[in-house]
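**Student:** After the sequence you'll find the predicted model.
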Amino acid sequence: MKRNTETNAIILKSSKFGEINKLLTLFSPNLGIIQCSAYGALKLKSRFAGKLEQYTVVRVKLYQNKNSDFYTLKEVDVLSFFECVRGNLDAIFVVSFWAELLLKLGTGGEDKKIFSLFYNSLLVLDDKKEYEKSFVIFLYRYLYYVGIFIYTDCCSECGKTILDNEQSFVSYEDYHPLCKSCINYESFVVTPSIKEFIKNLMRNKISISINYSVSKAELLLIKKFLLNFIKFTTGLNFKSISY
């Protein structure tokens with residue numbers, strides 16, 4: 001079995017391990033989410049010094065330990081450092097949630113798609129500083145990729161096709177889509193402008209989707225809906241966010 005491997009990765013977690021070592025959780029498009037030890041990383045003259053910060057994108061050479069899914073870091077090069085998550089609390093909050101989402105829900109076998117999503121979302125966040133919109137775009141795409149949430153224009157009660165220029169509703173009881181005629185309990189209102197924003201964010205690259213217009217009020221409604229939906233479907237709470 002080949003134990004040496006080389007891959008790009010995003011550092012999701014980085015913590016002290018023993019007196020001079022670091023324990024890393026890496027997300028790789030080839031290996032998925034893995035754990036890795038960086039021996040001697042905390043030494044003053046370590047070759048890893050300054051290269052293992054959380055949310056850094058790196059190129060790593062790894063050795064897989066015998067009879068284990070645990071890896072040892074042999075070499076690392078920084079590809080992208082992302083200054084936006086080094087001192088900006090809004091950016092730290094957003095990316096911390098993305099990382100916690102992956103660590104708790106996984107990738108659904110879509111490692112390459114979600115790695116690309118995470119990396120490109122970091123690029124856009126660093127460039128545009130659109131924190132709420134970046135949060136929503138990542139979250140919606142992630143849920144779509146792992147098969148947890150797919151928006152539909154068809155009413156779950158009567159089967160009617162809901163046109164783009166019509167309001168539709170999503171029930172807070174079971175999160176099924178409804179038309180205006182079938183609504184009978186508290187629902188999330190999907191306005192034509194929200195529909196257009198959602199279609200655009202799925203149709204285009206993140207660097208393009210981030211430029212589409214949506215009101216701040218509607219953006220916050222989408223965010224609240226998606227977070228409640230995750231809680232409803234998974235039963236999980238997230239430390240990086242308050243419901």
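**Tutor:** Ah, there it is. Numbering: from 1, shown residues only.
**Student:** low-scoring stretches of the protein, by residue?
**Tutor:** 1, 150-151, 242-243 (pLDDT under 70).
**Student:** How is it divided into domains?
**Tutor:** 4-81, 87-234 (automatic domain parsing).
**Student:** Make JSON lines out of those and add mean neighbour count and distance to residue 241.
**Tutor:** Every residue, glycine included, has its C-beta placed from N, CA and C. Listed next are these as JSON lines, based on neighbours: other C-beta atoms under 10 Å; distance: least, C-beta to C-beta, whole Å:
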{"stretch": "domain 4-81", "mean neighbour count": "17", "distance to residue 241": "16"}
{"stretch": "domain 87-234", "mean neighbour count": "17", "distance to residue 241": "5"}
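**Student:** In JSON lines, list these along with distance to residue 240.
**Tutor:** Below are the domains of the chain laid out as JSON lines (distance: least, C-beta to C-beta, whole Å):
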{"stretch": "domain 4-81", "distance to residue 240": "12"}
{"stretch": "domain 87-234", "distance to residue 240": "4"}
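**Student:** Give the helix, strand or coil label for the residue of the chain most remote from its centre.
**Tutor:** No residue in the chain sits farther from the centre than residue 181, which is 35.1 Å out by C-alpha atoms, centre = their mean. Recorded secondary structure, residue 181: coil (DSSP: H, G, I helix; E, B strand; the rest coil).
**Student:** all strands of the protein, in order?
**Tutor:** 4-17, 21-28, 32-38, 57-64, 71-80, 168-171, 177-178, 187-190 (DSSP state E).
**Student:** wait, what's in contact with the nearest residue to the residue farthest from the centre of the chain once chain neighbours are set aside?
**Tutor:** In space, and not counting its chain neighbours, residue 181 is closest to residue 158: 6.8 Å by C-beta to C-beta, 6 or more residues apart in numbering. In this structure, residue 158 makes contact with 179, 181, 182, judged by C-beta atoms under 8 Å, 6 or more residues apart in numbering.
**Student:** gap between the second one and residue 162?
**Tutor:** For residue 181, the distance to residue 162 equals 10 Å [C-beta to C-beta, to the nearest Å].
**Student:** tell me, what's touching those two both at once?
**Tutor:** Counting by C-beta under 8 Å, 6+ apart, the residues touching both residue 181 and residue 162 are residue 155.
**Student:** still on that earlier bit, now distance to residue 85 too, for the contacts of residue 158, in TSV please.
**Tutor:** Below are the contacts of residue 158 laid out as TSV (distance: C-beta to C-beta, whole Å):
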residue	distance to residue 85
179	42
181	46
182	43
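**Student:** Out of those residues, which is nearest to residue 213?
**Tutor:** Within the set of those, residue 179 lies nearest residue 213; the separation is 25.8 Å, counting by C-beta to C-beta.
**Student:** Confirm for me that that closest one is in contact with residue 156.
**Tutor:** No - using C-beta atoms under 8 Å, residue 179 is not in contact with residue 156; the gap is 9.2 Å.
**Student:** Wait, the residue farthest from the centre of the chain touches residue 160, no?
**Tutor:** Yes - with contact defined as C-beta under 8 Å, residue 181 reaches residue 160; the gap is 7.5 Å.
**Student:** sorry, back to before: quick one: which of the strands of the chain is nearest residue 127?
**Tutor:** strand 71-80 (11.6 Å).
**Student:** I'd like to know how far the residue nearest to the spatial centre of the chain sits from residue 181.
**Tutor:** By C-alpha atoms, centre = their mean, the chain has its centre lying nearest to residue 98, at 3.7 Å. Per C-beta to C-beta, residue 98 is found 38 Å from residue 181.
**Student:** Right, I'll leave it there.
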